[in-house]
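Q: Using only what follows, build the 3D model:
(one chain, ligands or ions: 1)
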Amino acid sequence: MKVTVYGSGYVGLVTGSLLADVGNEVLCVDVDQTKVDNLKKGIIPIYEPGLDDVIKRNVEAERLGFTTDMDQAVAHSEMQFIAVGTPPDEDGSADMQYVAAVAKTIADRMTTRKLVVTKSTVPVGTGDMVESVLRDGLNSRGEKIDYVVLSNPEFLKEGAAIEDFMKPDRIVVGTDDDYAIEQMRELYAPFCRNRRDRLIFMSRKSSELTKYAANSLLATKISFMNELSNIADRLGADIEDVRVGIGSDPRIGYHFIYPGCGYGGSCFPKDVKALIQTAKSKDYKAELLEAVDNVNDRQKHVLFAKLMKHFDGNIENKTFAVWGLSFKPNTDDLREAPSRVLIESIIEAGGRVRAYDPVAMQEMRHFYPDEKRLELIGTAQDCCDGADALLINTEWREFRSPSWDTIKASMKQNLVIDGRNLYDPAQLRSQGIEYDCIGRPQPSQRKSDIKAA
Ligand SMILES: NC(=O)c1ccc[n+]([C@@H]2O[C@H](COP(=O)([O-])OP(=O)(O)OC[C@H]3O[C@@H](n4cnc5c(N)ncnc54)[C@H](O)[C@@H]3O)[C@@H](O)[C@H]2O)c1
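A: Okay, here's the model as predicted:
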């Protein structure tokens, strides 16, 4: 089949290259000329494990191409996927200008039937909006051409995007058009070979809401655990024991109940906010979702609060090592990353930061091009040289088992504040390291517990 994908970001590139990988002829489109020029030279704008190989082999096989030419994009295929960004507006609602622009691009140029498939995460009712842009465009040209607008939200996770796309838990499609259903069945057949029920059809509005429902529920689980970790912190209970204790209940499960320093990325924060705004537009106050969002904003400040407590509220001219910048491992995505809140707070309070991340350093420099108090250091070990404390933001695998003896020798003070609970507190403390983390008792609390018992 022939497919056009508008938007060559995380979702567009993964969708386009993997649809090509199973034999389709795919044209990826973007308005960013530099991005397209780079893609044509084999330079991939994002870090996603394995994606460069998939793109390379499909470009070589001439099944995958890149363009900024909108005439070519619209003419290339019947199946037109929209995978452009839907960033938050000032009030948190999704900014639909990019989706609307693609709809207009198609409306102004189409001469044959089109299936317009929205892959971007879009508020309920966006399909109606895209339909009206197509209708108005065709009317203004005096043309009468068939089209169907479908919703097909994407559930991939950055860092595991290829696996998620190739072996999806489910593929949700919102349409009631028989021809569109048949075409989507054919397109997705290679991804559902062992289980046809992976393809779930429903109404367009239900499909649009399903994506927000999934992300909001996952964000709720995280904020719930972070809320509990703050309570555990104050009670001297250990949130990691609590996590295992509740996760073993199959009704709860272990997924997404890890406490930490807040969720980030391009999806959870914006999707929770957008759903709150959608509810508000229908005069409904989404109180639970507002709390999920507020708890997360507060959680992003927890590491800094712990740091200030250790230094009695004064960190002026102190230097801190920060491990991990991306909002989660295996990505260079810094959108809404908790690390940025931490680093900005340290700098504002007069401290200095030496930071390291396996892949997100270049991206970090884009965010803070002139910040003299932020140094990006080539290795995790060097990052600790002369540091008054080490703070951990992201659970990259290479941080799991560091050489503490070497680190201790290079740091000014042996203080580790861990936002991802990577280490065994007793083990670190036995090595002479002062260790603080999320929702786990400090030694003084443990002693008083034992005495009380
Ligand atoms: N990133 C994720 O993990 C993820 C997962 C699932 C769903 N989503 C959703 O998918 C959508 C895209 O997200 P992303 O992370 O890939 O975004 P992104 O910002 O990485 O990429 C969007 C791309 O669209 C391009 N673009 C903007 N206007 C365009 C136009 N008129 N024509 C062609 N291209 C245009 C931009 O230049 C950019 O390259 C969002 O709605 C997001 O919420 C993202």
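
Q: which regions of the protein lie under the pLDDT threshold?
A: For the chain, the stretches with pLDDT under 70 are 444-453.

Q: which one is the most centrally placed residue in it nearest to, not counting chain neighbours?
A: Of all residues in the chain, the one closest to the mean position by C-alpha atoms, centre = their mean is residue 265, 3.6 Å from it. Counting by C-beta to C-beta, 6 or more residues apart in numbering, residue 327 is the residue found nearest to residue 265 once chain neighbours are left out, at 4.4 Å. To be clear about C-beta, it is placed using only N, CA and C from the backbone, and glycine gets the same treatment.

Q: Surely that neighbour and residue 337 touch.
A: Yes. Counting by C-beta atoms under 8 Å, residue 327 does reach residue 337; the two are 4.0 Å apart.

Q: Would you mind listing what in the stretch 1-150 of the chain touches the ligand?
A: By C-beta under 6 Å from any ligand atom, the residues of the stretch 1-150 of the chain that approach the ligand are 6-12, 29-32, 35, 83-86, 98, 101-102, 120-121.

Q: neighbours around the residue nearest to residue 265, how many?
A: Residue 327: 28 surrounding residues under other C-beta atoms under 10 Å.

Q: and if you look at residue 188?
A: Residue 188, neighbours per other C-beta under 10 Å, totals 18.

Q: Which strands or helices does the helix or strand hosting residue 269 pack on?
A: Using DSSP states H and E, the element containing residue 269 is helix 268-281. When contacts are defined as 3 or more C-beta pairs under 8 Å, 6 or more residues apart in numbering; DSSP states H and E, helix 268-281 packs onto helix 204-235, helix 287-299.

Q: any idea how far residue 416 lies from residue 264?
A: Distance, residue 416 to residue 264, using C-beta to C-beta, to the nearest Å: 21 Å.

Q: which residues touch stretch 127-145?
A: Outside stretch 127-145, the residues that touch it by C-beta atoms under 8 Å, 6 or more residues apart in numbering are 82, 96, 99-100, 103-104, 106-108, 110-114, 116, 118, 147, 149-151, 174, 204-205, 208.

Q: Strands along the stretch 301-450 of the chain, start to end?
A: Using DSSP state E, counting those that start in this stretch, the strands found in the stretch 301-450 of the chain span residues 319-323, 352-356, 374-376, 389-392, 415-418, 434-436.

Q: Give the phi and psi angles for the residue nearest to residue 265, as a check.
A: As for residue 327, its main-chain torsions (degrees, to the nearest 10) stand at phi -70, psi -20.

Q: OK, contacts around it?
A: 263, 264, 265, 333, 334, 335, 336, 337, 338, 339, 394 are the contacts of residue 327 under C-beta under 8 Å, 6+ apart.

Q: mind redoing it with 7 Å?
A: Going by C-beta atoms under 7 Å, 6 or more residues apart in numbering, residue 327 touches 264, 265, 333, 334, 335, 336, 337, 338.

Q: The fourth one contacts residue 340, correct?
A: In this case it means residue 334. Yes. The pair residue 334 and residue 340 qualifies as a contact (C-beta atoms under 7 Å) at a distance of 6.5 Å.

Q: any shared contact partners between the two?
A: Residues touching both residue 334 and residue 340 (C-beta under 7 Å, 6+ apart): residue 367.

Q: In the stretch 301-450 of the chain, which residue sits closest to the ligand?
A: As assessed by C-beta to the nearest ligand atom, the ligand sits closest to residue 333 within the stretch 301-450 of the chain, at 7.1 Å.

Q: likewise the chain?
A: Per C-beta to the nearest ligand atom, residue 9 is where the chain lies closest to the ligand, at 1.9 Å.

Q: so that residue makes contact with residue 85?
A: Yes. Here residue 9 lies in contact with residue 85, judged by C-beta under 7 Å, at a distance of 6.5 Å.

Q: Give the buried residues for stretch 342-356.
A: 342-347, 349, 351-356 (16 or more other C-beta atoms under 10 Å).

Q: State the pair within those that is farthest apart.
A: Using C-beta to C-beta, the pair of these lying farthest apart is 349 and 356, separated by 20.8 Å.

Q: helix/strand/coil for the closest residue to residue 177 other than its chain neighbours?
A: In space, and not counting its chain neighbours, residue 177 is closest to residue 148: 4.6 Å by C-beta to C-beta, 6+ apart. At residue 148 the chain is in strand, as set by DSSP: H, G, I helix; E, B strand; the rest coil.

Q: Among the contacts of stretch 127-145, name the buried ones.
A: Among these, those buried by neighbour count (16+ other C-beta under 10 Å) are 82, 96, 99-100, 103-104, 106-108, 110, 114, 116, 118, 147, 149-151, 174, 204, 208.

Q: is it true that residue 117 lies in a strand?
A: Yes. Membership of residue 117 in a strand is supported by three-state DSSP.

Q: bridging residues for it?
A: Beta bridges link residue 117 to residue 81, residue 150 when assigned by DSSP bridges.

Q: next one: residue 434
A: Note on residue 434: beta-bridge partners by DSSP bridges are residue 415.

Q: Cross-check the contact I'm expecting between it and residue 411.
A: No. Look at residue 434 against residue 411 with C-beta under 7 Å: they stay out of range, at 10.8 Å.

Q: So if I had to pick from the two, which one is more boxed in?
A: Counted by other C-beta under 10 Å, residue 434 and residue 411 do not tie: residue 411 has more neighbours, with 20 against 15.

Q: The helix holding residue 269: which residues count as buried?
A: Using 16+ other C-beta under 10 Å as the test for burial, helix 268-281 gives 268, 269, 270, 271, 272, 273, 274, 275, 276, 277, 278, 279.

Q: what's near enough to touch the last one?
A: The reference is to residue 279. Applying C-beta under 7 Å, 6+ apart, we find residue 279 in contact with residue 286.

Q: distance of it from residue 212?
A: Counting by C-beta to C-beta, the separation of residue 279 from residue 212 is 10 Å.

Q: Can you give me the domain assignment for this structure?
A: The chain is divided into the following domains under automatic domain parsing: 2-202, 222-447.

Q: Quick one: closest of those domains to residue 216.
A: Nearest to residue 216 among these is domain 222-447 (5.3 Å), distances taken as C-beta to C-beta.

Q: Distance from the chain centre to the closest one, please.
A: Mean-position distance between domain 222-447 and its chain equals 16 Å (C-alpha atoms, centre = their mean, to the nearest Å).

Q: Grab the nearest non-local neighbour of residue 176.
A: Closest residue in space to residue 176, ignoring its immediate chain neighbours: residue 203 at 6.5 Å, by C-beta to C-beta, 6+ apart.

Q: How many neighbouring residues does that neighbour have?
A: For residue 203, the neighbour count with other C-beta under 10 Å is 13.

Q: Show only the entries of the residues of the stretch 1-150 of the chain next to the ligand found in strands.
A: Of the positions in these, 6, 29 sit in strands, assigned by DSSP state E.

Q: thinking again about what came up before, where do the contact lists of residue 327 and residue 337 overlap?
A: With C-beta under 7 Å, 6+ apart as the test, residue 327 and residue 337 both reach residue 264.

Q: In contact with residue 122, which residues?
A: By C-beta under 7 Å, 6+ apart, the contact set of residue 122 is 86, 94, 96, 99, 208.
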